[in-house]
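Asker: model this:
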Amino acid sequence: MSEKGHHPAPLSPVEQRVAALEALLTERGLVPEGFIEEITRRYESEIGPLNGAKVVARAWADPGYKERLLADGTAAIAELGFGGPEGDHMVVVENTPAVHNVIVCTLCSCYPWPVLGLPPSWYKDPPYRARMVREPRALLAEMGCPLPGDVEIRVWDSSAEVRYLVLPQRPPGAAGMTEAELAGLVTRDSMIGVARL
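Answerer: Next up is the predicted model:
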């Protein structure tokens with residue numbers, strides 16, 4: 001019971017199973033106390049979208065890096081020290097005035113954790129996965145990313161073998177900015193392709 005007699009909301013069945021599994025793993029010494037919370041925190045604040053933003057900012061600032069990134073995403077991303085599980089084979093696709101790329105995983109929720117962190121809950125939802133393939137223009141508009149009718153939309157289906165990252169267009173007015181300033185403009189959603197900068 002919390003302060004002043006306030007009762008926390010009961011755990012859902014999935015949350016109960018997760019808590020029981022975490023307690024068992026901790027009790028048996030397989031994971032240290034607080035390990036899961038720390039991993040979650042790191043993916044949300046350090047490992048995740050900040051890494052992808054640094055990749056995008058470098059591509060915007062360095063044409064040679066951008067060329068390498070589009071030719072071999074995995075190797076170019078590794079140049080900045082990012083990679084590993086869920087990012088073993090990365091393909092980077094570039095948004096242009098004529099082409100808008102968006103990422104989905106139609107089978108489950110394959111997602112490039114090393115550069116985007118934890119997937120948003122909507123990314124894993126069946127309606128997103130189905131509608132992004134069937135009616136991407138309508139779904140993007142509903143998500144706050146309306147596109148002109150003459151812009152081609154390319155939908156990329158992530159899998160266990162290949163994960164994608166969108167290289168957003170550099171926003172107008174970003175000339176003369178440092179890489180750190182450029183990275184501050186990049187959002188997770190722009191690297192998935194459900195937002196434009």
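Asker: got the contact list for the biggest helix by length in the chain?
Answerer: Longest helix in the chain, counting residues (DSSP state H): helix 13-27. The contact list for helix 13-27, computed with CB atoms under 8 Å, 6 or more residues apart in numbering, reads 11, 31-33, 35-36. Just so you know, the C-beta spots here come from the backbone N, C-alpha and C atoms, and that holds for glycine as well.
Asker: please flag which of those residues sit within helices.
Answerer: 35-36.
Asker: rebuild the contacts of helix 13-27 as TSV, extending it with pLDDT.
Answerer: Shown next, in TSV, are the contacts of helix 13-27 (pLDDT from 0 to 100):
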residue	pLDDT
Leu11	72
Val31	83
Pro32	86
Glu33	85
Phe35	83
Ile36	80
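Asker: could you dump the contacts of helix 13-27 to JSON lines with neighbour count and distance to Val162?
Answerer: As requested, the contacts of helix 13-27 are arranged in JSON lines below (neighbours: other CB atoms under 10 Å; distance: CB to CB, whole Å):
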{"residue": "Leu11", "neighbour count": "12", "distance to Val162": "36"}
{"residue": "Val31", "neighbour count": "14", "distance to Val162": "30"}
{"residue": "Pro32", "neighbour count": "10", "distance to Val162": "34"}
{"residue": "Glu33", "neighbour count": "9", "distance to Val162": "37"}
{"residue": "Phe35", "neighbour count": "13", "distance to Val162": "30"}
{"residue": "Ile36", "neighbour count": "15", "distance to Val162": "28"}
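Asker: now distance to Leu21 too, for the contacts of helix 13-27, in JSON lines please.
Answerer: Shown next, in JSON lines, are the contacts of helix 13-27 (distance: CB to CB, whole Å):
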{"residue": "Leu11", "distance to Leu21": "13"}
{"residue": "Val31", "distance to Leu21": "10"}
{"residue": "Pro32", "distance to Leu21": "15"}
{"residue": "Glu33", "distance to Leu21": "15"}
{"residue": "Phe35", "distance to Leu21": "13"}
{"residue": "Ile36", "distance to Leu21": "10"}
